[in-house]
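[1] structure, please.
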Amino acid sequence: MRRAIGFFALLAVFCCSGCRSLLGQVNTASLSGLVADSSGSAMAGIHVKSLNRSTGYSREVVTDRSGYYTLSNMPIGSYTVAVEGDGFVETDESVELNVGSKARRDFTLRIKTLQQVIHVREHDSAGLSADDASLSTVVDQNTIANTPLYLRNWDDLLRTVAGVQISRYTEQAGSSAPGRTGDFNVNGVHSLQNNFILDGIDNNTFSENVQELSTEAAHPSVDVIQQFNIITNPYSSEYGRSPGAVVSINTKGGTDDVHGVVYEYIRNSFFDANDFFSNRYGLPRPENNHNQFGASIGGPVRHDRLFYFFNYEGTRIREGVSRTSTVPLPNERVGDFSPATAAAVGVTYPAIVDPATGQPFPDNQIPRSDLDPAIQTILSLFPLPNVPHPQGQNDLNNYARNALTTDDDDSYDARVDWIPSPNNVIFGRYNYSNRNRIVPGYLGGLADGATNSAWGHLFLRSNSFVVGWTHVFGSSVVNDLRLGFIRDHAVSEQLPFSLPQTADQYISGIPDVPANGGGLPLIKFSSAYAFIGSPIYLPKQQTPQQFQYNDTLVISRGKHNLKFGVAASAPMRNIFQDEAAVRGSLDFESTFTHFAYADGLLGLVNQVQLTNSDVVDQRLWIAAGFVQDDWRVLPQLTLNLGLRYEFSAPPVEGRNRIANFDPAGNGSLIFAQPGSRASRALIDPSTMNFGPRIGFAYSPGAHTVLRGGYGIYYTSVERIGSEDELALNPPFLVNRQVTATAGTPALVAKDGFPENFLDPSAIDYSNLQGFHIRAVSQHAPSPTVQQWSIGLQDEFADHWTAQLDYVGTKSTHLDLIYNYNQPFIAGNKSTGIVPYPDFGYVEYTAPVGYGNYNGLQASLSRRTQSGLTLRAAFTYSRSLDDTPEELEESSGGAPNGRDLSTWYGPSDFNVPLRASANFIYELPFGHGKTMLQHGPLSWLLGGFRTSGVYTFYNGIPYQVNAGSALSDSIDPDGMATDVPNLIGKPHTVGSVDCWFYASQNQACRSDAHNLADSYSLPNPGSIGDLGRNTMRGPHTNVFDAALLREIPLDRANMEFRWEVFNVANTPLFGPPNSDFSSGVAGQITSLSGDQRTMQFALRLSF
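    Numbering: from 1, shown residues only. Got it, this is the predicted structure:
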């Protein structure tokens, strides 16, 4: 801690001293260059004037003795830059300054012979980064406004950037993160480690589980965004907080002219195609009715001085989604597994063993008198199967429906810009959104059938506010201040929350707490069969809020630009409720009868969980400082040299209600004490997060730039769920998790939970076997990523820019969650002996993960010329790690949590090949165009534009596993993933019914009868030898297109849009069933994207 305080004190002295510094321009831009005469000699004392053509804002600087000028912290926009000196011809040029850019414009002045001014069109090298080693892509307003965007989410455009792996937004269950925005991976870095900036302030959520369905605190409408910049390798030390990409967004402001727009976007299922599974099961086309409407207006309050901008947008969505699941057959609900019934229903059942005698039940039927009445009541809530399987296997994936999601959102944005003088620029912006969302389960009604806590009824509110003041002290001295505040409030409830039926009516002993609402416990019959009930992590809520302070000083002179800056987010507070199983959960396996349904019918629970309700008051803070030198060693060579320091205080609980696990000796719980941060957080603060940055940009010619760089980055805040929250430990939170042992069930369903099951006063701290303990390594360094790259930019022909880069990253100290009390593994077999016999499940977070990435990234872009704008991106890469992606579908935990060597393999997001292309083209017809400029055809065919986005990428990896029963045999608490043995070459058959070959899947035997199994299941308690993520799911191949028509009106303009998403109606499939113990291993039952969808819009602008 003393090191951190000392560094910030030293940095403050630098910022307040007279040394030259340049502000970190996270949402502004800089323009610099060299002014020389015709002989190439540098010219001092030359006036360089900039004028913003929209707002009239102007600034003037003078070149120094080296001939250099710098315009720092300029508001982004279109400028005219004029250069003049006594006896020389005045030269002006149009320059576009983009968010976060370091633009370079050199000028050569000629001796004046006549009164003349030289006008230069936009610089030929506008697409090059001659002074910046960072890899970035600016998405401008033209691209945002004219490209078809699914649900009008601006982050849909991230798929056009090299190095970015993002799946399109969808509500379909086969997506890795359905319903979430801002979810993408860059250069092998996990998706929760990107950094969002909105108008210069931190725009990242810090809720512990991304309950807001976005890693962005505010997600403004596309009609609010002026442009955004995604920096995939940010070598400037001004960027930090997270090691992934930086996405810096600038919102629109008013101008000297009044501008406004009124719009509505409409979708109707009448114009859509039916989805693959609805067609297959004979279901009607799912409903798909969207209305998105809004208006914005901006203009001057006082010409050239004071401006306003306001936007409202409403969204109303009613969309059907495909749900395919398993429900018990009628005979399975009453215990009839007899040979005659099995033959009639086309299912093979094992011999059902009577646990009381150890012998099979007569005729493989369970007597009705033995059936558990509690489970009988629950089974009656399942719907009946409605999907026949002609090839058999009628007991699996036998129920399908189109369920209706609803999503209503209202968002408001307001901004004021004030330019009281050329030396002062002040703005304020406020964003508010109110979202109400319903995502149904597989079964519906009281049965629900959902395990994902992002489903259910969600109430989402967000607030974001920022004030910025840029003050120019002189031509080389600028100060910039940002004050910000963000607050989110998210409440999630299971869909049966408001129903009168409560969990205690079905399983006795579950507390009837009104705040927990109605609905069933979550009940699972093995991973291979049916489940019923609602997600165990519902209901839940989060209210994170933070204040932000950023201030920097700017002094620029000569070849050196030194940047100093400090930032703080404090206080940061999150009041949340996020505990598992307040309504209980019961898992049935084949533990007692050799069949999960039979275990359930007898009420013999393999694992049970129940928790009391608790609210956590979490508090933390973050501070950072940086120093950066952009040194123009030569006119052709710039070095970017920087150092960043970050300190993130480990979270504490407002009432000191925190406990951690101490692994010393026999293990024990330690509790927070008043005093230092470490004694309150029970984690040592990480005080050595120094991140050096180095980069270079070399221009061997006017149209070529060679760039490279290296940097070290840290993760300041993890958001991996409740797993690492030390406040969720006894006695504050009593999370009981009991597993069956030695023939004794964890619970008999009809008997329910004991009366004192959750009584904190009954806890014996010398015997915590039945408790779920959350623990974090007390001496944990921050997750760290090293990044490096080298590449070439080249401009050729006219308006074309090509870029080729090699990018590498190395990730260390990644947070990995595993069961610290997993039974010891010896010779790939479980010994059954746990290291801490007095404890049960110890969910441990430790910085032991590792990963690396190597990628070749290429892009080709054409700036607008002759009406055509084009960009293409290509990535060929490989990402390896041993750390599963959190809060998404993943490979699961390593079979042996203490040995990660077997789990080092392709990352959960490893996609080797990805290509994209997008274009905007104005048809050459009509007034002012090259063809049909006059007459009726000019009116009929004029004003048309077309645009489109094409995306292709390989399938997402998936992990073939040995099923939940075998996984439980090596880790009874369910954190480890057992895998099969590899006995042959794996076969990808490639059909929906048999994606990979598994002989127990009857469709595989029919479709690929000449193949044999590549895997075999290990014995219980043994670990197979299959590696991680060795198979790959279906690829994505999708094209979206739009046709736009502008009709000029008197002092206004009307635009009609027709947008088609997934033009070819290519099915976008989710991953296959990867449980090799299942009879439908290899079968695909979900979608990862939507069918062909059309959208129509009308926009009136003035």
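
[2] from here on, contacts and neighbour counts on C-alpha atoms
    Fine.

[3] point to the residue nearest the middle of the protein.
    Centroid-nearest residue in the chain, with C-alpha atoms, centre = their mean: residue 183, separated by 1.9 Å.

[4] residue contacts, it?
    Applying C-alpha atoms under 8 Å, 6 or more residues apart in numbering, one finds that residue 183 lies in contact with 166, 177, 191, 192, 214, 215.

[5] cool, residue 74 as well?
    Residue 74 makes contacts with 28, 29, 30, 31, 97, as judged by C-alpha under 8 Å, 6+ apart.

[6] against residue 1073, how distant is the first one?
    Between residue 28 and residue 1073 the distance, using C-alpha to C-alpha, to the nearest Å, works out to 48 Å.

[7] likewise for the last one?
    Relative to residue 1073, residue 97 is positioned 50 Å away (criterion: C-alpha to C-alpha).

[8] hey, where'd the helices end up in the protein?
    Counting by DSSP state H, the chain has helices at residues 2-16, 141-146, 276-280, 330-333, 339-345, 373-379, 596-601, 677-681, 936-941, 964-970, 1002-1007.

[9] any chance of these in a markdown table, plus mean pLDDT and distance to residue 729?
    As requested, the helices of the chain are exported to a markdown table (pLDDT from 0 to 100; distance: least, C-alpha to C-alpha, whole Å):
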| stretch | mean pLDDT | distance to residue 729 |
| --- | --- | --- |
| helix 2-16 | 43 | 30 |
| helix 141-146 | 90 | 47 |
| helix 276-280 | 93 | 44 |
| helix 330-333 | 96 | 38 |
| helix 339-345 | 94 | 47 |
| helix 373-379 | 97 | 30 |
| helix 596-601 | 96 | 30 |
| helix 677-681 | 95 | 13 |
| helix 936-941 | 85 | 69 |
| helix 964-970 | 93 | 23 |
| helix 1002-1007 | 91 | 46 |
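
[10] now for those helices, which one comes closest to residue 387?
    Each of those was scored for nearness to residue 387 using C-alpha to C-alpha, and the closest is helix 276-280 (9.7 Å).

[11] give me the buried positions along the closest one.
    By neighbour count, and taking 16 or more other C-alpha atoms under 10 Å as the criterion, the buried residues in helix 276-280 are 276, 277, 278.

[12] could the helices of the chain be laid out in TSV, adding distance to residue 264?
    Compiled in TSV, the helices of the chain are given as follows (distance: least, C-alpha to C-alpha, whole Å):
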stretch	distance to residue 264
helix 2-16	49
helix 141-146	14
helix 276-280	29
helix 330-333	49
helix 339-345	52
helix 373-379	46
helix 596-601	51
helix 677-681	50
helix 936-941	24
helix 964-970	48
helix 1002-1007	47
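
[13] quick one: closest of those helices to residue 545.
    In this view, the helices of the chain are compared for proximity to residue 545 by C-alpha to C-alpha, and helix 677-681 is the closest at 19.5 Å.

[14] packing partners of that closest one?
    Counting contacts by 3 or more C-alpha pairs under 8 Å, 6 or more residues apart in numbering; DSSP states H and E, the secondary-structure elements packed against helix 677-681 are strand 652-653.

[15] name every strand pairing with the strand it packs on and say which way it goes.
    strand 616-634 (antiparallel) (DSSP bridges).

[16] so which bits of the strand it pairs with are buried?
    Applying a neighbour-count criterion of 16+ other C-alpha under 10 Å, one finds 616-632 buried in strand 616-634.

[17] where does the prediction get shaky in this protein?
    When the per-residue scores of the chain are filtered using pLDDT under 70, the ranges that remain are 1-26, 113-126, 390-392.

[18] the longest strand in it is where?
    Secondary structure assigned by DSSP state E gives strand 839-865 as the longest strand of the chain.

[19] in its sheet, which strands sit next to that strand, and in what direction?
    Partners of strand 839-865 in the sheet, by DSSP bridges, are strand 768-776 (parallel), strand 800-819 (antiparallel), strand 868-881 (antiparallel).

[20] just the CA atoms of the longest one, as CSV, please.
    Output for strand 800-819, consisting of C-alpha atoms alone and laid out as CSV, is shown next (Å, rounded to 0.1, in the frame of the first residue of the first chain):
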residue,chain,number,x,y,z
TRP,A,800,-7.1,2.0,-50.2
THR,A,801,-5.3,1.0,-47.0
ALA,A,802,-3.9,-2.5,-46.3
GLN,A,803,-2.7,-3.7,-42.9
LEU,A,804,-1.0,-6.9,-41.8
ASP,A,805,0.0,-7.6,-38.2
TYR,A,806,1.3,-10.5,-36.1
VAL,A,807,-0.2,-10.3,-32.6
GLY,A,808,0.8,-12.3,-29.5
THR,A,809,-0.4,-12.4,-25.9
LYS,A,810,0.6,-14.3,-22.8
SER,A,811,-1.7,-14.5,-19.9
THR,A,812,-0.6,-15.5,-16.4
HIS,A,813,-2.1,-15.5,-12.9
LEU,A,814,-5.6,-16.1,-14.5
ASP,A,815,-8.2,-16.7,-11.8
LEU,A,816,-9.2,-20.3,-11.8
ILE,A,817,-12.0,-21.7,-9.6
TYR,A,818,-11.8,-25.3,-8.4
ASN,A,819,-12.7,-27.5,-5.5
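
[21] quick check: residue 503 touching residue 519?
    Yes - using C-alpha atoms under 8 Å, residue 503 is in contact with residue 519, at 5.7 Å.

[22] what is in contact with the two at once?
    Between them, residue 503 and residue 519 share the contacting residues residue 583, judged by C-alpha under 8 Å, 6+ apart.

[23] which residues touch residue 201?
    Contacts of residue 201 (C-alpha under 8 Å, 6+ apart): 466, 482, 483, 484, 548, 550.

[24] next step: those residues restricted to strands.
    Among the contacts of residue 201, the members found in strands (DSSP E) are 466, 482, 483, 484, 548, 550.

[25] quickly list what the second one is bridged to.
    Beta bridges link residue 482 to residue 468, residue 550, judged by DSSP bridges.
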